[in-house]
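Enquirer: show me the folded form of this:
(one chain, ligands or ions: 1)
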Amino acid sequence: MKSLKQFAVSAAALGVALGLSFAAQAEMMIGFSQIGSESGWRTSETASIKAEAEKRGIDLKFSDAQQKQENQIKAVRSFIAQGVDGILLAPVVETGWDQVLKEAKDAGIPVVLVDRGVAADDSLYLTKVASDFVVEGALAAAWLAAETNAVCDVVELQGTVGSSAANDRKAGFESVVGNFPAINIIRSQSGDFTRSGGKEVMESFLKAEDGGKNICAVYAHNDDMALGAVQAIKEAGLKPGTDILIVSIDAVPDIFKAMADGDTNATIELNPHLGGPSFDAIAAAKEGKDVPKWIKANGPLFLPDTAAEEYKMRSK
Ligand code: AHR
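Expert: Numbering: from 1, shown residues only. Okay, here's the model as predicted:
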């Protein structure tokens, strides 16, 4: 597996490399179709992108799709009708975007995919500003293999069905555990990236697996579901983080608190600050500059030893 450092792209370095200034962006009107507010990470991402737009004097038109692709398609069409300079799209699912992306392209409006990807030809959008979810899943599995001497029955809490985040995190995890015959994914179900979904699905896993006695670890596609699982495991009379190990993805402040308390064991950071490189990419395209098709933003894996300190810094 490649090192995460090899994947890291500095947003600031990208802006400088493209020769962009904030002044050039101050006149821009940009539409942002966001998925919703299912998780702590999503809420931070929305706040970060709005703050970045304000800092740059960008007129940001924001639309919350409340988890519905049809709302996102309507929002994109409305942005096109308003003649925006560019569109940020955080696609809830991977498929079904070709037509609306073609409409934006025909109107000469660059679309930046933020955070999640689509299953469409990459000529239909300007760039994707996102982490490599396959790498995140692989990293979670590598940690689990090392922690358990590669002997573990694991349950998986998947993200939203059909999303690139869930599809790729699952594929990345499986690509590594496939090398270890004594690591088995014994149950796998979607908790929809929410805390309540994670709790509910974990309760059903615990019931089905002799009150949890057969479960060695939880792999949660995000921190919110992991935190829901923590609650379910406690209510079942077991100790999360000890009786059942937990690895998840996002690195939101609450997971550092849980790790510091011994309730979870590892998290992989998903950078929520995707506004800067997205706005830079749109400005670069307007100036006729080349923009890479994927601007990667992967983060490291955190363990309990730094959790208290990280929580202090991140919850300010
Ligand atoms: O697409 C990224 C995922 O979506 C984050 O991991 C999750 O928290 C969010 O809701």
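Enquirer: could you tell me the end-to-end distance of stretch 303-316?
Expert: 20 Å (Cα to Cα, to the nearest Å).
Enquirer: in the stretch 201-316 of the chain, which spans are helices?
Expert: 223-235, 253-260, 275-286, 307-314 (DSSP state H, counting those that start in this stretch).
Enquirer: could I get those helices as a markdown table with mean pLDDT, mean neighbour count and distance to A107?
Expert: To be clear about C-beta, it is placed using only N, CA and C from the backbone, and glycine gets the same treatment. A markdown table is the format used below for those (pLDDT from 0 to 100; neighbours: other Cβ atoms under 10 Å; distance: least, Cβ to Cβ, whole Å):
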| stretch | mean pLDDT | mean neighbour count | distance to A107 |
| --- | --- | --- | --- |
| helix 223-235 | 98 | 25 | 36 |
| helix 253-260 | 98 | 23 | 40 |
| helix 275-286 | 96 | 25 | 14 |
| helix 307-314 | 96 | 16 | 40 |
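Enquirer: for Q99, find the nearest of the ones you listed.
Expert: For those, the distance to Q99 is smallest for helix 275-286, at 21.4 Å, taking Cβ to Cβ.
Enquirer: contacting residues around stretch 94-109?
Expert: 69, 73, 76-77, 79-80, 84-87, 91, 110-111, 116-121, 123-125, 162-164, 167 (Cβ atoms under 8 Å, 6 or more residues apart in numbering).
Enquirer: and the helices in the stretch 51-200 of the chain?
Expert: In the stretch 51-200 of the chain, the helices defined using DSSP H, counting those that start in this stretch lie at 69-82, 98-106, 133-147, 164-177, 195-208.
Enquirer: could you list the low-pLDDT ranges of the chain?
Expert: For the chain, the stretches with pLDDT under 70 are 1-26.
Enquirer: quick one on the thing from earlier: among the helices of the stretch 201-316 of the chain, which comes closest to the ligand?
Expert: helix 223-235 (5.9 Å; Cβ to the nearest ligand atom).
Enquirer: and that closest one, how far out from the chain middle?
Expert: Distance of helix 223-235 from the chain centroid (Cα atoms, centre = their mean, to the nearest Å) equals 19 Å.
Enquirer: go on, stretch 74-89?
Expert: 23 Å.
Enquirer: over to stretch 44-64?
Expert: With Cα atoms, centre = their mean, you get 18 Å for stretch 44-64.
Enquirer: give the buried residues for it.
Expert: 44-46, 48-50, 52-53, 56, 58, 60-61, 63 (16 or more other Cβ atoms under 10 Å).
Enquirer: can you check stretch 60-78 too?
Expert: Neighbour count says stretch 60-78 has 60-61, 63, 65, 67, 69, 71-73, 75-76 buried, by 16+ other Cβ under 10 Å.
Enquirer: turn the residues you listed into TSV, columns for distance to E235.
Expert: As requested, the buried residues of stretch 60-78 are arranged in TSV below (distance: Cβ to Cβ, whole Å):
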residue	distance to E235
L60	42
K61	43
S63	38
A65	33
Q67	27
Q69	34
N71	35
Q72	36
I73	40
A75	39
V76	42
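Enquirer: quick one, what contacts L303?
Expert: 259, 265-266.
Enquirer: do I185 as well
Expert: I185 neighbours (Cβ under 8 Å, 6+ apart): 154-156, 173-174, 177, 219.
Enquirer: ok, V154 next?
Expert: So V154 contacts 144, 177, 183-186, 215-219 (Cβ under 8 Å, 6+ apart).
Enquirer: what about 7 Å?
Expert: With contact taken as Cβ atoms under 7 Å, 6 or more residues apart in numbering, V154 is in contact with 144, 183, 185-186, 216-217, 219.
Enquirer: next: E38.
Expert: So E38 contacts 67, 192-194 (Cβ under 7 Å, 6+ apart).
Enquirer: now, which of those lie within strands?
Expert: The strands, defined by DSSP state E, take in nothing from the contacts of E38.
Enquirer: most neighbours among these, which one?
Expert: Counting by other Cβ atoms under 10 Å, F193 has the largest number of neighbours within these, with 28 neighbours.
Enquirer: wait, that residue touches A220, no?
Expert: No. Counting by Cβ atoms under 7 Å, F193 does not reach A220; the two are 9.4 Å apart.
Enquirer: count of neighbours near whichever residue of the stretch 51-200 of the chain sits closest to the ligand?
Expert: Here the stretch 51-200 of the chain gets closest to the ligand at one residue, A165, 3.6 Å apart by Cβ to the nearest ligand atom. A count of nearby residues for A165, using other Cβ under 10 Å, gives 26.
Enquirer: leaving out the residues flanking it, which one is nearest to it?
Expert: Distances taken as Cβ to Cβ, 6 or more residues apart in numbering put G159 closest to A165, at 4.9 Å, once the chain neighbours are dropped.
Enquirer: for the one you found, what are phi and psi?
Expert: Backbone torsions of G159, given as degrees, to the nearest 10, read phi -80, psi -170.
Enquirer: neighbours around it, how many?
Expert: Going by other Cβ under 10 Å, the residues that sit close to G159 add up to 29.
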